[in-house]
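[1] sequence and predicted structure are below.
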Amino acid sequence: MGYSGVVDLSDDWCVLATMENSKNPPLSVIPQPEIGELVELCAKSPAGIIVELGTYKGGSAYAFNQVGRGRPLHLFDTFTGIPQQTQVAVDIIGVGAFADTSVDAIREFLPYAHFHVG
């Protein structure tokens, strides 16, 4: 399921709810509690653009967009999966992981986002 943010800044709370207006909202690999914290920070942050590095299927970007009050959303990703293995010993994600996504699939839910592919 994807998430839409319901934020009441006067009461200093944030609740993520299941999206009801879409058949297949985007998914996120980020657990819901962490998305809730990030969405709350996004909702309370000063005016300006929202930037996400590593978008995958757009689940968290979708949540940020829901509370972003019309702010520009810039998404950076290869949108084709992990391109290469690094030399870092803790790098456990293999080449090609997260390849089951595309700019077109994410654009369906975030038509006004700015995509930075690479």
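    Sure, I can see it.

[2] where in the protein is the helix or strand with the lowest mean pLDDT?
    Least confident helix or strand, the chain: strand 13-18 with a mean of 33, by mean pLDDT, DSSP states H and E.

[3] can you name every helix or strand that the helix or strand following that one contacts?
    Next in sequence after strand 13-18, counting helices and strands by DSSP states H and E, comes helix 32-44. Applying 3 or more Cβ pairs under 8 Å, 6 or more residues apart in numbering; DSSP states H and E, one finds that helix 32-44 contacts strand 3-8, strand 13-18, helix 59-67. No exception for glycine: its C-beta is placed from N, CA and C like everyone else's.

[4] gap between helix 32-44 and the chain center?
    11 Å (Cα atoms, centre = their mean, to the nearest Å).

[5] for the helix or strand that that helix is followed by, list the C-alpha coordinates in PDB.
    Scanning forward in sequence from helix 32-44 by DSSP H and E, the next helix or strand is strand 50-53. Taking Å, rounded to 0.1, in the frame of the first residue of the first chain, the C-alpha atoms of strand 50-53 are listed here in PDB:
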ATOM      1  CA  ILE A  50      11.600  18.500  -1.600                       C
ATOM      2  CA  VAL A  51      14.500  16.200  -2.800                       C
ATOM      3  CA  GLU A  52      14.600  12.400  -2.600                       C
ATOM      4  CA  LEU A  53      17.800  10.500  -3.400                       C
END
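
[6] right, I'll call it a day here.
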